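# sequence? don't have it. structure:
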DNA sequence: GAAATTATCAACCACACGGTTGATAGATTC
DNA sequence: GAATCTATCAACCGTGTGGTTGATAATTTC
């Protein structure tokens, strides 16, 4: 008695799972490319190959759909937080870079959102940042980067630098001649940023 | 016979110059805050204290207004290109940071625009970048930064890092507790980025 | 100061947008 | 297989949008 005797596959006419997935996929692409205000619900539906009403049906409209996406992000984000042997700063940042490339659409959606700065402060963000700065301060004490640098400012630089490929696609193409979404660019750029960080280390251990 | 016996000032009813200026000012603020797609023409007009039709009258509509702004930027941009004694890399970047803070609205408008990546390549941008990379390569030979770094990638990092304050306002507030538009933040952050670059120098001369 | 030009505004318009409605066909349950 | 529930769609709707029109007042020209 399998409770899900589903999958008379492939030609299934009605399939909520698949529809949801298609909508989410299409929305990621559209929001990533044009931002929330610039995206038309009808285009998401068209790209998903689905009636636009289903967006209201499943996600409660455009806004709800966006929230669903950012929620998905939050679940992925915490993934690389607790790796047992804490990697070196260069390796940490390299991982972060490849992360922004792998989840490029979500990264860009987040940036679009952050650019629209309504001035209200997100307490969970503040807490997260505080903890990140704390971590950096520890690393500074370990000699991973010079003492005369302010960890807060450094963190800001790192965030921006790591996301550069998502923020400036034209620059990536003009400067590196590579597709900013490609794995190759991610590897290359991550490696470079890691090297730069490496040069900051004062080699104590 | 002064050809401009104007300025029966202050209470002048009709003043095209002033109107233009007001519209431009309001548009900068609105586009910077909400991006092109998110900005309403009526709100620009309201902020400028002017009838919205005048936007069409003077700039030929929303799009024309945006173009006028980016054109204004291009004229300012070339300002710090030709300083006689070429400053060191840290100083150059510091200046660039304070530039992005001083012209914060224009910077953000540019970023909004760049985020909307339609994939078409801007040949003048490519040329500009090529020349910048060339300059960096020279500096690398002078020992301003290590040989194992790719100038193209470094330039990308620098652009992103320099504009960090314009891109991540919430992070600035959360991390530094400062207003990302304030002179103080600009000074502080520019100094920090300059220091970091300084640590990369291999002190050859 | 009469005529012509220019700057300004209120009202209007066509349209595209996000969302809703009502009908229907596909699944599921009994 | 009848009844019920669920997923899907085509058509419609109210609203907000960028833009235009036509009138009018301020300014400049002669």
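Now that the structure is in, tell me what you want to look at. Here the structure is a predicted model, which is why all the values come from computation and not from measurement.

# Up against DNA strand C, what does chain A have?
A:6, A:12-14, A:39-42, A:52-53, A:55-56, A:61-63 (C-beta under 7 Å from any atom of the strand). Glycine gets a C-beta too; all of them are placed from N, C-alpha and C.

# Out of these, which two sit at the greatest distance?
Spatial extent of the residues of chain A next to DNA strand C (C-beta to C-beta) is set by the pair A:6 and A:40 at 33.0 Å.

# remind me, longest helix of chain A?
As assigned by DSSP state H, the longest helix anywhere in chain A is helix A:16-38.

# And chain B, is stretch A:99-106 touching that?
No - judged by C-beta under 8 Å from any C-beta of the partner chain, stretch A:99-106 stays clear of chain B, getting no closer than 11.2 Å.

# quick one: contacts of that stretch?
For stretch A:99-106, contacts defined as C-beta atoms under 8 Å, 6 or more residues apart in numbering or on different chains pick out A:28-29, A:31-32, A:69-70, A:72-73, A:76, A:80, A:107, A:162-163, A:165-166, A:180-183, A:185-186, A:189-190.

# re earlier: return only those of the residues of chain A next to DNA strand C found close to DNA strand D.
A:13, A:14, A:52, A:53.

# Give me the pLDDT for the second one.
Think residue A:14. With respect to pLDDT, residue A:14 scores 85.

# Likewise for residue A:11?
Model confidence at residue A:11 (pLDDT) stands at 56.

# out of everything not next to it in sequence, what's closest to residue A:198?
residue A:90 (4.8 Å; C-beta to C-beta, 6 or more residues apart in numbering or on different chains).

# That neighbour and residue A:191 touch, don't they?
No - look at residue A:90 against residue A:191 with C-beta atoms under 8 Å: they stay out of range, at 9.3 Å.

# between the two, who's got more neighbours?
Neighbour totals were compared for residue A:90 and residue A:191, and residue A:90 leads with 20 against 16 (other C-beta atoms under 10 Å in any protein chain shown).

# tell me which element the more buried one is part of?
helix A:89-102 (DSSP states H and E).

# residues of that helix that come out buried?
Buried positions in helix A:89-102, judged by neighbour count with 16 or more other C-beta atoms under 10 Å in any protein chain shown: A:89, A:90, A:92, A:93, A:94, A:95, A:96, A:97, A:98, A:99, A:100, A:101.

# Just flag the most distant two among these.
Based on C-beta to C-beta, the longest span within the buried residues of helix A:89-102 runs between A:89 and A:101 and measures 19.1 Å.

# which residues are contacting the strand or helix carrying residue A:54?
Using DSSP H and E, residue A:54 falls within helix A:53-59. Under the criterion C-beta under 8 Å, 6+ apart, residues A:16, A:19, A:20, A:23, A:41, A:44, A:45, A:61, A:62, A:65, A:68 lie in contact with helix A:53-59.

# if I look at the residue in chain A that DNA strand C sits nearest to, how far off is DNA strand D?
Residue of chain A nearest DNA strand C, by C-beta to the nearest atom of the strand: residue A:61 (3.0 Å). Residue A:61 sits at a distance of 12 Å from DNA strand D (criterion: C-beta to the nearest atom of the strand, to the nearest Å).

# okay, that residue: pLDDT?
97.

# what does residue A:46 give?
Reported pLDDT for residue A:46: 98.

# Can you give me the neighbour number for it?
14.

# Please indicate which of the residues of chain A next to DNA strand C has the highest neighbour count?
Ranked by neighbours (other C-beta under 10 Å), those are led by residue A:55, which has 23 neighbours.

# ok, now how distant is that one from residue A:105?
17 Å (C-beta to C-beta, to the nearest Å).

# which residue packs closest to residue A:146, ignoring adjacent ones?
residue B:199 (5.6 Å).

# got the contact list for the host helix or strand of the one you found?
Residue B:199 is located in helix B:183-200, with elements delineated by DSSP H and E. With contact meaning C-beta under 8 Å, 6+ apart, helix B:183-200 is reached by A:146, A:148-150, A:153-154, A:156-157, A:196, A:199-200, B:89-91, B:93-95, B:97-98, B:100-102, B:144-146, B:149, B:161-162, B:164-165, B:172, B:176, B:178-179.

# list the contacts for residue A:121?
Contacts of residue A:121 by C-beta under 8 Å, 6+ apart are B:170, B:173, B:174.

# same thing with residue A:50?
So residue A:50 contacts A:19, A:22, A:23 (C-beta under 8 Å, 6+ apart).

# out of those residues, which are buried?
Applying 16+ other C-beta under 10 Å to those flags A:19, A:22, A:23 as buried.

# As TSV, these with pLDDT and distance to DNA strand D would be great.
Output for those, formatted as TSV (pLDDT from 0 to 100; distance: C-beta to the nearest atom of the strand, whole Å):
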residue	pLDDT	distance to DNA strand D
A:19	97	4
A:22	98	9
A:23	98	9
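
# Low-confidence bits of chain A, can you list those?
By pLDDT under 70, the low-scoring segments of chain A are A:1-12, A:77-84, A:203-205.

# which parts of it sit against DNA strand D?
Contacts of chain A with DNA strand D, taken as C-beta under 7 Å from any atom of the strand, map to A:13, A:14, A:15, A:16, A:18, A:19, A:50, A:51, A:52, A:53, A:54, A:57.

# Any idea which residue is closest to the centre of chain A?
For chain A, residue A:107 is the residue whose C-alpha lies nearest the centre (C-alpha atoms, centre = their mean; 2.9 Å).

# Show me what counts as buried in stretch A:100-114.
A:100-101, A:103-113.

# Tell me the one of those nearest residue B:130?
Of those, the one sitting nearest to residue B:130 (C-beta to C-beta) turns out to be residue A:101, at 24.1 Å.

# Who are the packing partners of the longest helix of chain A?
helix A:41-48, helix A:53-59, helix A:62-77, helix A:104-115, helix B:16-38 (3 or more C-beta pairs under 8 Å, 6 or more residues apart in numbering or on different chains; DSSP states H and E).
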